[in-house]
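In: got a predicted structure plus its sequence, pasted below:
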Amino acid sequence: MNKPKQLLRHLLFSTIACVIAVSISIFSQPVQSQGTAVFTTAQSFEVASEALHQAESALIAQGMMESTPLTRYVAVLTKDEVMPMASSSSAFGAAGAVLVGDRLIVRGDFSNLSSPLRDYATDPLNPPNPNITSGVHIHRGEPNANGPFQYALQVSPSESGLQGRLMGEYTLTPEQLQALANGKMYVDIHTKQNRGGELRGIFKPY
């Protein structure tokens, strides 16, 4: 083989090797690791990050972050997560949570709801559950199925009721801690127009 052909062959092999190396590098990056929070838009990342910051700030104010390890979770609330069928809403929300020991602190925001939150005082479950004091809840259950109610979150709605902030602080049971670790705790928002749920999101590690 003459020298020009050898050089050409060497260049071709070098180029292929570089392409393979770059491809491996790109596809091995943990951008959307299975089981962790995935952000499909810049908006979801921004809102979730702010919610998580609010939860951490509440934890700092209580002096609970200095020496105790914490775990961060994020729930991106979308219509597509609603079970058994997605709503037709254009609303969006996110919740951030920090877990220290068995103490869970949750903060979040929602916007552009189709209607104000469902009022369980005038539109209760059958039979009524006195612990359901708002239209935003934490449930324990599988990602693809509805599960039992666990907690009601406190809500500060806007004047229109179509957007607002949510918050809650809870001491979890061993069963709830296990469910949270296994991706089986979720937040959902119930409205007057979508009584069964307008937004929903699973808590995932952040």
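Out: Cool, the structure landed. This is a predicted model, so every value here is computed, not measured.
In: contacting residues for Ile138?
Out: Contacts for Ile138 (Cβ atoms under 8 Å, 6 or more residues apart in numbering) come out as Val106, Phe149, Gln150, Tyr151, Ala152, Leu153, Gly168, Tyr170, Met185, Tyr186, Val187. No exception for glycine: its C-beta is placed from N, CA and C like everyone else's.
In: could I get the buried residue list for the helix or strand encompassing Glu46?
Out: Taking DSSP states H and E as the definition, one finds Glu46 inside helix 42-61. Buried residues in helix 42-61, defined by neighbour count with 16 or more other Cβ atoms under 10 Å: Ser44, Phe45, Val47, Ala48, Ala51, Leu52, Gln54, Ala55, Glu56, Ala58, Leu59.
In: helices and strands around that helix, which ones?
Out: Packing partners of helix 42-61 (3 or more Cβ pairs under 8 Å, 6 or more residues apart in numbering; DSSP states H and E): strand 71-77, strand 92-100, strand 103-111, strand 164-171.
In: show me what it is in contact with.
Out: Here helix 42-61 has contacts from 37, 39, 65, 70, 72, 74-76, 92-98, 100, 105-109, 167, 169, 206, using Cβ under 8 Å, 6+ apart.
In: from these, which would you call buried?
Out: 37, 39, 72, 74-76, 92-98, 105-109, 167, 169, 206.
In: please parse this structure into its domains.
Out: Structural domains assigned to the chain are 1-30, 32-205, following automatic domain parsing.
In: so what sits opposite the most centrally placed residue in the chain in the bridge?
Out: By Cα atoms, centre = their mean, the chain has its centre lying nearest to Ala75, at 1.0 Å. Here Ala75 sits in beta bridges with Ala95, going by DSSP bridges.
In: same question for Ser111.
Out: Beta-bridge pairing for Ser111 (DSSP bridges): Phe92.
In: one step back: so of the domains of the chain, which one's packed in deepest?
Out: Among those, domain 32-205 has the highest mean neighbour count (mean count of other Cβ atoms under 10 Å), at a mean of 17.
In: so how far is it off the chain centroid?
Out: Averaging C-alpha positions (Cα atoms, centre = their mean, to the nearest Å) puts domain 32-205 7 Å from its chain's average.
In: mind showing which ranges of the chain have poor pLDDT?
Out: By pLDDT under 70, the weakly predicted segments of the chain are 1-35, 37-40, 65-67.
In: one more time with 80, if that's ok
Out: For the chain, the stretches with pLDDT under 80 are 1-44, 63-68.
In: circling back to that earlier point, now do the helix holding Glu46 and strand 92-100, the angle between them.
Out: Helix 42-61 and strand 92-100 meet at an angle of 30 degrees, taking axes from the mean of the first three to the mean of the last three Cα atoms, to 10 degrees as the criterion.
In: tabulate the CA atom coordinates of helix 42-61 in PDB.
Out: Output in PDB follows, covering the C-alpha atoms of helix 42-61 (Å, rounded to 0.1, in the frame of the first residue of the first chain):
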ATOM      1  CA  ALA A  42     -37.100  25.300  31.400                       C
ATOM      2  CA  GLN A  43     -40.300  26.400  33.200                       C
ATOM      3  CA  SER A  44     -40.600  23.100  35.100                       C
ATOM      4  CA  PHE A  45     -37.000  23.300  36.200                       C
ATOM      5  CA  GLU A  46     -37.300  26.900  37.300                       C
ATOM      6  CA  VAL A  47     -40.500  26.400  39.300                       C
ATOM      7  CA  ALA A  48     -39.300  23.100  40.900                       C
ATOM      8  CA  SER A  49     -36.000  24.700  41.900                       C
ATOM      9  CA  GLU A  50     -37.700  27.600  43.500                       C
ATOM     10  CA  ALA A  51     -40.100  25.300  45.400                       C
ATOM     11  CA  LEU A  52     -37.200  23.300  46.600                       C
ATOM     12  CA  HIS A  53     -35.300  26.500  47.700                       C
ATOM     13  CA  GLN A  54     -38.400  27.500  49.700                       C
ATOM     14  CA  ALA A  55     -38.500  24.100  51.400                       C
ATOM     15  CA  GLU A  56     -34.800  24.300  52.300                       C
ATOM     16  CA  SER A  57     -35.200  27.900  53.600                       C
ATOM     17  CA  ALA A  58     -38.000  26.700  55.900                       C
ATOM     18  CA  LEU A  59     -35.700  23.900  57.100                       C
ATOM     19  CA  ILE A  60     -32.800  26.400  57.800                       C
ATOM     20  CA  ALA A  61     -35.200  28.700  59.700                       C
END
